[in-house]
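[1] fold the following.
(one chain, ligands or ions: 2)
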Amino acid sequence: MRPDAVTWFSGRTSAVRSVADVDVLGLLRAKRRGGHRVSLVLPARDEEATVGGIVAGLVERWVRLVPLVDEVLVVDSDSTDRTAEVARAAGADVVAAADVLPAHGSRPGKGEALWKSLAATSGDLLVFLDADLLGDVTHYVPGLLAPLLTDPQVGYVKGCYARPLEVDGRVTPAGGGRVTELTARPLLNALWPELAGFVQPLGGEYAGRREALEQVPFVSGYGVEVGLLVDLLGLLGLHGLAQVDLGVRRHTSQDQEALGRMAGQVVSAVLARSGRSGAGGLLTQFRADGSGFLPVSTPVAVDERPPMVTVPEYRAARAGAV
Ligand SMILES: O=c1ccn([C@@H]2O[C@H](COP(=O)(O)OP(=O)(O)O)[C@@H](O)[C@H]2O)c(=O)[nH]1
Ligand SMILES: O=C(O)[C@@H](COP(=O)(O)O)O[C@H]1O[C@H](CO)[C@@H](O)[C@H](O)[C@H]1O
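    Residues are numbered from 1 along each chain as shown. Ligands and ions are numbered 1, 2, ... in the order given. This next block holds a predicted model:
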């Protein structure tokens, strides 16, 4: 790593691998002293199998027992299963992404759900967790909040973790984060070497200050994480970014073809931010069908929403909330 990345990695990486690793009551005092309000957001598309357990555990611990969190919102991203009902029964507020800022239409994708969450929440601090996480993620919330509550210089915090790979029920202790290792990390090291210290640049668990998040665009699909990282580097500088080692992250993984499409979206977001548009914006993959190869093409061109602070309805709502 370049010296600036080395310095950042050693100075801006903390560790919260369990609740025992963090002074929760100290964070609660810091939250109250700072007059902060915390919104926990989970973007969810067809996550009925996992979203209920995640929400129930976090609501019990961080809303009821120790009120680090003031609102828990599941953004239902065009689910076709019972995600919304399960999340609501577990104690979350639920909103359909398509119902937020309806005058601005509705686009598919995780980034769209995250962008809309800014208009559907009120916290000055936001924590984002995927809704397909497996295992105990209780400590993720205080771990991600700690740098924001204790260091005013930090505006954005990404979780990092070991990532076991679970495919067809078989678990290998490493190997997860395939798009990260095979696409995002090489591209970021080549184009933004100052970001080389991020262990999990694509990780779906992160937290940030609203005043920063509302000033950057949100890539509508899976390019949202890499887009946010590069754009927040520009807005906050490397010293405004941090990461926290949360130990291990398990989630329900997608197949290689799906991850290929995800990688295509990540590459498009990177190319757009490095001054080169992805020429065709189309990714062609091939399925072996026994008698040859069937080409399957998917649009991966960057589609993004503007900084939320430019949306009149958002500004009006925030002004009214003051
Ligand atoms: O169009 C989408 C795609 C994904 N997601 C959610 O974003 C998170 C991460 O997506 P996914 O699990 O598909 O990515 P992976 O973790 O496999 O990389 C999960 O909570 C998904 O339900 C979403 O809200 N809308
Ligand atoms: O990090 C990665 O390579 C991908 C895929 O992870 P796996 O190979 O399925 O463990 O997962 C992340 O990438 C997505 C795109 O940024 C994020 O939206 C997901 O939250 C995150 O899990």
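[2] how much space separates Arg261 from Gly176?
    18 Å (C-beta to C-beta, to the nearest Å). For the C-beta atoms, the positions are set from N, CA and C on the backbone; glycine is no exception.
[3] so the spatially most central residue of the chain, which of the three states?
    Compute the mean C-alpha point of the chain, and by C-alpha atoms, centre = their mean the closest residue is Gly204, 3.6 Å away. At Gly204, secondary structure determined by DSSP: H, G, I helix; E, B strand; the rest coil is coil.
[4] tell me the residue of the stretch 151-300 of the chain that sits nearest ligand 2?
    At 2.3 Å from ligand 2, Gly204 is the closest residue in the stretch 151-300 of the chain, using C-beta to the nearest ligand atom.
[5] so what's the nearest residue to Arg12 once chain neighbours are set aside up against?
    Once flanking residues are discounted, Arg12 sits nearest to Ala242: 4.4 Å by C-beta to C-beta, 6 or more residues apart in numbering. Residues near Ala242 by C-beta atoms under 8 Å, 6 or more residues apart in numbering: 12-14, 147, 151, 154, 156-158.
[6] quick check, Ala242 in a strand?
    Yes - Ala242: assigned to a strand according to three-state DSSP.
[7] show me what it bridges to in the sheet.
    As for beta bridges, Ala242 partners with Val157 under DSSP bridges.
[8] mind checking how far stretch 214-234 is from the chain centre?
    Its chain's C-alpha centre and that of stretch 214-234 lie 10 Å apart, by C-alpha atoms, centre = their mean, to the nearest Å.
[9] and what of stretch 190-198?
    Chain-centre distance of stretch 190-198: 18 Å, with C-alpha atoms, centre = their mean.
[10] next, the buried residues of it.
    Using 16 or more other C-beta atoms under 10 Å as the test for burial, stretch 190-198 gives 192, 194-198.
[11] again, but for stretch 158-177
    Under the neighbour-count criterion of 16+ other C-beta under 10 Å, stretch 158-177 has 158-164, 166, 176-177 buried.
[12] try stretch 11-29
    Across stretch 11-29, burial judged by 16+ other C-beta under 10 Å covers 12-14, 16, 21-22, 24, 27-28.
[13] that stretch - what's its average pLDDT?
    For stretch 11-29, mean pLDDT is 98.
[14] who touches that stretch?
    Against stretch 11-29 from outside (C-beta under 8 Å, 6+ apart): 66-68, 138-139, 142-143, 145-147, 149-150, 154, 160, 197, 199, 238-239, 241-247.
[15] now do stretch 301-308
    So stretch 301-308 is contacted by 104, 107, 109, 111-112, 115, 118-119, 213-221, 223, 227, 265, 268-269, 271-272, 277-278, 281-282, 314 (C-beta under 8 Å, 6+ apart).
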